[in-house]
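> Give me the fold of what follows.
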Amino acid sequence: MDYETILYNLDEGVLDIRLNRPDVLNAFNRKMTTEIQDALKKAERDSSVRCIVFSGAGRAFSSGEDLKARQAEGGGGGFGSTLRERYNPIILKIRNIDKPVLASVNGVAAGAGCSLALACDMRVAADNARFIEVFVRVGLVPDSGSSFFLPRLVGLGKALEMAFLGDEVGAEDALRIGLVNRVVPAAELEERTRELALRLAKGPTKAIGLAKRAINRALAMDLDQLLDYEVYAQEIAGASEDHQEGLRAFAEKRQPDFQGR
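Residues are numbered from 1 along each chain as shown. Prediction:
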């Protein structure tokens with residue numbers, strides 16, 4: 001489909017899904033969340049997509065839900081239906097897709113925009129990025145996965161502080177508390193994110209996807225269960241073409257040429 005609110009660009013195995021409503025700081029409306037869901041389904045089916053990057057056009061990553069659009073639509077059927085139909089499928093797809101997903105965060109990531117960044121596997125932030133669990137400022141609670149990911153990234157106390165106060169967290173503080181993986185100069189954000197994305201795209205995609213599944217499951221499993229799952233995952237990885245290529249490359253003392261199979 002032709003997208004109106006996002007840009008979909010695939011190059012060298014890296015898919016850039018760019019939120020593209022810069023006039024409203026890439027706030028989510030119904031059209032955008034529908035298009036993101038479609039883009040992720042398309043990316044999941046496309047074997048040439050080896051890594052996914054979420055980015056934002058203009059001076060922000062995303063300011064969250066477009067409250068003006070929501071009011072104009074008469075509330076969109078209530079928050080429950082909004083989350084179930086529009087946001088939760090995006091978060092679940094990001095976590096369940098067997099490909100690495102990065103957030104390239106420029107400017108503000110607030111509300112559901114912050115949640116989207118937290119749901120990604122890794123976050124690269126510009127030095128002017130800001131993360132805000134803004135929900136409390138309008139009498140709401142963190143949603144779209146924030147209450148799940150936030151304490152796992154920064155710890156319980158800091159997560160509660162961010163949720164209760166709604167204060168912004170700058171890029172350097174976000175790095176210090178574990179909210180992001182890397183902070184880079186704003187002028188270099190796109191280049192540095194692409195370097196990381198290309199490295200992942202050239203990696204053993206199947207093994208990376210299995211590692212992602214195992215670590216996701218580790219959040220809810222006990223050790224015995226996880227050890228059993230690691231056996232299952234390793235059997236699959238060990239039978240992959242990429243593993244055989246890795247063995248050949250090791251023996252031949254060269255860099256492996258993984259194909260993601």
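> so where do the helices sit in the stretch 51-200 of the chain?
67-72, 79-82, 88-96, 112-119, 146-154, 156-165, 171-176, 189-201 (DSSP state H, counting those that start in this stretch).
> Relative to residue 185, how far out is residue 106?
Using C-beta to C-beta, to the nearest Å, residue 106 is found at 11 Å from residue 185. To be clear about C-beta, it is placed using only N, CA and C from the backbone, and glycine gets the same treatment.
> So which elements touch the least confident helix or strand in the chain by mean pLDDT?
Least confident helix or strand of the chain, by mean pLDDT, DSSP states H and E, is helix 67-72 with a mean of 74. Using 3 or more C-beta pairs under 8 Å, 6 or more residues apart in numbering; DSSP states H and E as the contact test, no helix or strand touches helix 67-72.
> Would you mark the buried spots in it?
Neighbour counts over helix 67-72 (16 or more other C-beta atoms under 10 Å) mark 69-70 as buried.
> returning to what we had before: now the weakest link among the helices of the stretch 51-200 of the chain, please, by mean pLDDT.
Ranked by mean pLDDT, the helices of the stretch 51-200 of the chain bottom out at helix 67-72, with a mean of 74.
> Pull that one out as CSV, backbone CA atoms only.
Taking C-alpha atoms only, helix 67-72 is exported to CSV below (Å, rounded to 0.1, in the frame of the first residue of the first chain):
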residue,chain,number,x,y,z
LEU,A,67,-4.8,14.3,21.2
LYS,A,68,-6.3,17.0,18.9
ALA,A,69,-7.0,14.3,16.2
ARG,A,70,-8.5,12.1,18.9
GLN,A,71,-10.8,14.8,20.1
ALA,A,72,-11.8,15.5,16.5
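> which residues are in contact with that helix?
24, 27, 29-30, 76, 82, 138 (C-beta atoms under 8 Å, 6 or more residues apart in numbering).
> repeat for stretch 6-21
Stretch 6-21 is contacted by residues 3, 5, 26-27, 29, 32, 35-36, 39-40, 42-43, 46, 48-57, 61-62, 66, 194, 197-198, 201-202, 260 when judged by C-beta under 8 Å, 6+ apart.
> what about 7 Å?
5, 26-27, 32, 35-36, 39, 43, 48-57, 62, 194, 197-198, 201 (C-beta atoms under 7 Å, 6 or more residues apart in numbering).
> now that stretch: how far from the chain's centre is it?
Per C-alpha atoms, centre = their mean, to the nearest Å, the displacement of stretch 6-21 from the mean C-alpha position of its chain is 13 Å.
> What's the end-to-end length of that stretch?
Chord length of stretch 6-21, first to last residue, is 8 Å (C-alpha to C-alpha, to the nearest Å).
> State the mean pLDDT of that stretch.
pLDDT averaged over stretch 6-21 gives 97.
> quick one: which helix or strand includes residue 256?
Using DSSP states H and E, residue 256 is not contained in any helix or strand.
> From residue 258, how far off is the closest residue to it other than its chain neighbours?
The spatially closest residue to residue 256, leaving aside those adjacent along the chain, is residue 249, at 3.7 Å (C-beta to C-beta, 6 or more residues apart in numbering). As judged by C-beta to C-beta, residue 249 and residue 258 stand 9 Å apart.
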